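just the structure for this:
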Amino acid sequence: MTTGDSAGARLHIVVPYRDRESHLRQFVPRVSAYLDRLVPRIDYRVTIVEQEAGLPFNRGALKNAGFLLGEGRSDYVCLHDVDYLPVDADYSWADCPTPILWYGAEQRPVAPGVSEHTVTTNLESTMGGALLVPNAVMRQVDGYSNAYWGWGYEDFDFALRIRARRIATGRRKGRFLPLDHRNDGFTPDAAPSPISLVNRRVFQELWSAGRIPAGDGLSSLSFDVLERSPCDAGIEDAQGRWEIVRVRFNHAPRQDQAEADRSGADARTGRA
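Prediction:
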């Protein structure tokens with residue numbers, strides 16, 4: 001694709017996923033119905049990238065894996081969280097990194113049913129939720145860091161990769177329906193969780209030299225595809241557009257990340 005050329009642009013939606021079955025059952029039919037009724041139509045495919053159980057969740061690496069799985073059949077990618085359902089959003093071609101999530105992301109609960117605390121998102125700067133990126137730009141910034149296990153900081157890191165290269169960004173004020181879930185970045189009283197604090201240190205270490213970290217991203221990711229299958233739950237005519245791919249990463253978290261993630265899991269389940 002060339003700058004400003006939107007005709008025939010092929011969209012690949014990548015959804016990092018694990019243990020959100022109730023959200024996935026809502027996401028698949030809602031997004032399918034939304035995209036299929038757009039005029040003009042968008043040529044799209046969706047890959048749900050599921051991380052196998054065992055290691056802490058790695059959202060950045062999942063986005064990288066999903067991008068690599070569909071790069072050859074797309075021109076731009078939408079990195080899309082499973083807990084945001086489009087109500088009025090523009091998924092058409094974007095020639096620069098362009099978040100499309102706005103309304104619906106202003107405030108989210110920390111621990112629904114447990115705490116009344118909420119987290120406020122800076123809508124002017126966030127690069128999370130639903131983000132359009134041309135494939136060429138994904139390659140230019142080497143995708144996301146693979147270093148953030150557990151919760152947090154992969155979106156901050158990605159935004160800094162873009163800004164450090166002086167790549168222009170856009171923003172579309174899409175409206176989404178958020179699906180509530182426990183936010184692993186915070187304790188029920190809205191303090192930073194242990195894994196959030198560890199990943200903040202990882203972020204600071206990676207960028208401490210004041211230059212773009214090298215060799216961490218699409219170029220370094222190693223993963224195995226364990227299973228591929230159609231993902232057509234709730235869709236009358238999936239037309240082969242939807243696929244769920246289960247993957248295993250061939251790198252491991254740091255010890256402090258593994259311990260902090262385990263501590264958070266124990267706190268959530270009430271284990272000592």
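
identify the residues contacting the residue nearest to Phe249 when sequence neighbours are not counted.
Spatially, and ignoring its direct neighbours in sequence, Phe249 is nearest to Phe223 (5.0 Å; C-beta to C-beta, 6 or more residues apart in numbering). All C-beta atoms are positioned from the backbone trio N, CA, C, and that covers glycine. By C-beta atoms under 8 Å, 6 or more residues apart in numbering, Phe223 lies in contact with 61, 65, 247-250.

just the buried ones among those residues, please.
By neighbour count, with 16 or more other C-beta atoms under 10 Å, the contacts of Phe223 hold 61, 65, 247, 249 as buried.

closest to Thr126 out of those?
Proximity of those to Thr126 was ranked by C-beta to C-beta; the top entry is Ala61 with 20.2 Å.

separation between the closest one and Glu259?
Computed as C-beta to C-beta, to the nearest Å, the Ala61 to Glu259 distance reads 19 Å.

same question, Arg246
Going from Arg246 to Glu259 by C-beta to C-beta gives 26 Å.

who has more neighbours out of these two?
Taking neighbours as other C-beta atoms under 10 Å, Arg246 and Glu259 compare with Arg246 leading, 18 against 14.

so which elements touch the strand or helix carrying the more buried one?
Using DSSP states H and E, Arg246 maps to strand 242-249. For strand 242-249, the elements it packs on are strand 43-51, helix 59-70, strand 223-230, judged by 3 or more C-beta pairs under 8 Å, 6 or more residues apart in numbering; DSSP states H and E.

Asp184: how many residues sit nearby?
Count around Asp184 with other C-beta under 10 Å applied: 21.

then Arg20?
By other C-beta under 10 Å, 18 other residues sit near Arg20.

please apply the same query to Arg10.
Arg10: 17 surrounding residues under other C-beta under 10 Å.

hang on, it packs against Gly70?
No - using C-beta atoms under 8 Å as the test, Arg10 is too far from Gly70 to be in contact (9.1 Å).

which residues are in contact with both of the two?
Common contacts of Arg10 and Gly70 (C-beta under 8 Å, 6+ apart): Arg45.

returning to what we had before: neighbouring strands - and their directions - for the strand holding Arg246?
Sheet pairing of strand 242-249 (DSSP bridges) gives strand 43-51 (parallel), strand 223-230 (antiparallel).

tell me the mean pLDDT over stretch 97-114?
Averaging pLDDT along stretch 97-114 gives 86.

ends of it, how far apart?
Stretch 97-114 has an end-to-end distance of 36 Å (C-alpha to C-alpha, to the nearest Å).
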